[in-house]
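Novice: Would you be able to build a 3D model of this:
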Amino acid sequence: MTTRYAKDQPHGFTNRIERVAIVGAGGQIGKVLAEHLLKNEKHVVTVITRPSSTNKLPEGLQVSRVDYTGEDDTALVEVLRGQQVLIISMSVHAPRDSVSKLVHAAAKAAVPYVMPNWFGHDANNDALCNDSILSLIRDNSLSEIKSLGVSSYLLLVCNLWYEFSLGGGPDRFGFDFNKRTFVEFGDGNISINTTTWSQCGRAVASLLSLKELPEDETDQSPTLSQFRNNCIYISSFRLTQRDMFKSVKRTTNTTDADWTITRESAEQRWREGREAVKQGDWKPFVKVLYSRIFFPNGGGDYQSKRGLDNTILNLPVEDLDEATAIGIQMGMSGDVPFSH
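Specialist: From the prediction side, this is the model:
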């Protein structure tokens with residue numbers, strides 16, 4: 001891939017991202033991304049939302065109400081024209097072809113960068129994505145972007161969201177805070193990476209604040225273009241289930257005696273859930289997604305293999321117990337969406 005330099009760009013080129021469009025800013029992660037982009041004060045952020053949407057949006061955003069689910073994308077293309085980045089952050093319940101329509105519209109509008117609806121697993125780990133039933137989602141989005149030949153993609157690898165997963169019931173990180181039960185997967189000592197919503201927001205805002213291109217051949221500073229058509233690896237914590245449990249006990253001032261602790265095989269949980277999904281029962285999908293990440297050497301700890309981009313993005317070291325307290329509160333109040 002030929003390196004492009006700012007010095008060689010046409011007159012009027014500005015070596016920074018100024019205009020960002022986001023779809024899904026009323027959702028869980030989308031709202032956080034929009035808030036941090038606004039906080040940066042370096043971008044004009046345009047939210048693209050359906051005319052019928054009643055989601056509450058952060059103040060300070062430009063709002064364009066467009067039906068992006070229909071066949072006629074004329075209005076959508078017009079809104080995207082001049083945007084430098086399109087972030088797609090949509091509900092898992094969104095129509096399956098929504099991302100495709102947005103990607104095609106971005107290409108028609110000549111948007112240079114697209115962040116498709118991927119905020120999680122290591123997209124470079126084929127075995128993990130295959131076992132987690134995520135490969136088709138990844139491959140469909142990326143193949144369309146590549147085939148259109150206009151936009152570059154950016155994938156945020158943040159793994160499972162920490163507070164969301166901690167508070168999301170036993171099918172996620174194994175905790176039920178109202179019942180004070182804890183399901184330990186295997187011996188509970190498999191390390192994984194996990195990221196808070198806030199860290200994801202900071203990462204995207206920082207990424208889009210980098211220079212787009214190096215100034216010239218001697219410029220070694222980080223740029224957005226170095227991540228084009230690849231993954232950005234971030235993390236809040238690298239820890240085990242037992243590390244999580246220690247934090248939970250510190251935060252709740254409890255001991256093992258206050259909890260009902262059981263142990264299950266991560267591999268068995270995954271096999272049973274995967275078989276049910278194959279038979280058309282998608283209820284165990286969350287269990288499949290989470291149990292697979294806790295396989296020994298299963299790719300949940302991408303930090304050890306890939307390294308992290310936290311330093312490049314100037315991400316802070318977070319307080320585990322503070323994040324744990326948020327997860328516990330979410331779990332006890334039932335604030336976690338799609339929990340089982």
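
Novice: which intervals of the protein have sub-threshold pLDDT?
Specialist: Per-residue confidence for the chain (pLDDT under 70) gives these ranges: 1, 92-93, 337-340.

Novice: Walk me through the domains of the chain.
Specialist: Structurally, the chain divides into domains by automatic domain parsing as follows: 16-158+197-233, 161-194+236-302+316-333.

Novice: Burial check on residue 139, number of neighbours?
Specialist: 13 (other Cβ atoms under 10 Å). Bear in mind the C-beta positions are built from the backbone N, C-alpha and C, glycine included.

Novice: and whichever strand or helix holds it, what does it pack onto?
Specialist: According to DSSP states H and E, residue 139 maps onto helix 135-148. The contact analysis (3 or more Cβ pairs under 8 Å, 6 or more residues apart in numbering; DSSP states H and E) places helix 135-148 against helix 98-108, helix 126-131, strand 152-157.

Novice: got those as a markdown table, with mean neighbour count columns?
Specialist: Converted to a markdown table, the helices and strands packed on helix 135-148 look like this (neighbours: other Cβ atoms under 10 Å):
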| stretch | mean neighbour count |
| --- | --- |
| helix 98-108 | 21 |
| helix 126-131 | 16 |
| strand 152-157 | 22 |
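
Novice: Looking at these, which is nearest to residue 219?
Specialist: strand 152-157 (19.3 Å; Cβ to Cβ).

Novice: Give me the distance between the two termini of stretch 83-99.
Specialist: 17 Å (Cα to Cα, to the nearest Å).

Novice: buried residues in it?
Specialist: Buried residues in stretch 83-99, counted by 16 or more other Cβ atoms under 10 Å: 83, 84, 85, 86, 87, 88, 89, 90, 98, 99.

Novice: In strands, which of those residues appear?
Specialist: 85, 86, 87, 88 (DSSP state E).

Novice: With distance to residue 8 as extra columns, can I get these in TSV?
Specialist: What follows is those, written out as TSV (distance: Cβ to Cβ, whole Å):
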residue	distance to residue 8
85	21
86	25
87	28
88	30
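
Novice: Among those, which one lies nearest to residue 276?
Specialist: residue 88 (29.0 Å).

Novice: and that closest one, how far is that from residue 99?
Specialist: 6 Å (Cβ to Cβ, to the nearest Å).

Novice: try residue 236
Specialist: Distance from residue 236 to residue 99, by Cβ to Cβ: 26 Å.

Novice: what do you get for residue 216?
Specialist: 36 Å.

Novice: For the residue nearest the centre of the chain, give the beta-bridge partners.
Specialist: The centroid of the chain falls nearest to residue 119 when counting by Cα atoms, centre = their mean (1.9 Å). Under the criterion DSSP bridges, residue 119 forms beta bridges with residue 156.

Novice: wait, what's in contact with it?
Specialist: 29, 89, 156, 158, 200 (Cβ atoms under 8 Å, 6 or more residues apart in numbering).

Novice: again, but for residue 78
Specialist: residue 109.

Novice: so how far is residue 105 from it?
Specialist: 9 Å.

Novice: and what of residue 206?
Specialist: Residue 206 is 27 Å from residue 105, by Cβ to Cβ.

Novice: and residue 144, how far is that from residue 138?
Specialist: Relative to residue 138, and taking Cβ to Cβ, residue 144 is found at 11 Å.

Novice: picking up where we left off before, out of the helices and strands packed on helix 135-148, which is closest to residue 273?
Specialist: Here helix 126-131 is closest among those (Cβ to Cβ), at 10.7 Å.

Novice: how about the CA coordinates for that closest one, as CSV?
Specialist: Coordinates of each C-alpha in helix 126-131 appear next as CSV, following Å, rounded to 0.1, in the frame of the first residue of the first chain:
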residue,chain,number,x,y,z
ASP,A,126,-10.8,-16.0,12.2
ALA,A,127,-11.2,-19.0,14.5
LEU,A,128,-12.7,-16.8,17.2
CYS,A,129,-15.1,-15.0,14.8
ASN,A,130,-16.1,-18.3,13.2
ASP,A,131,-16.9,-19.9,16.6
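
Novice: Now residue 275: phi and psi?
Specialist: Main-chain dihedrals, residue 275, degrees, to the nearest 10: phi -60, psi -40.

Novice: For it, the count of nearby residues, please.
Specialist: When neighbours are counted by other Cβ under 10 Å, residue 275 comes out with 12.

Novice: mind listing the strands in the stretch 201-340 of the chain by residue range?
Specialist: Per DSSP state E, counting those that start in this stretch, the stretch 201-340 of the chain carries strands over the ranges 230-233, 237-239, 260-264.

Novice: Switch those over to a markdown table; also include mean neighbour count and distance to residue 186.
Specialist: Formatted as a markdown table, the strands of the stretch 201-340 of the chain follow (neighbours: other Cβ atoms under 10 Å; distance: least, Cβ to Cβ, whole Å):
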| stretch | mean neighbour count | distance to residue 186 |
| --- | --- | --- |
| strand 230-233 | 20 | 25 |
| strand 237-239 | 20 | 15 |
| strand 260-264 | 12 | 7 |
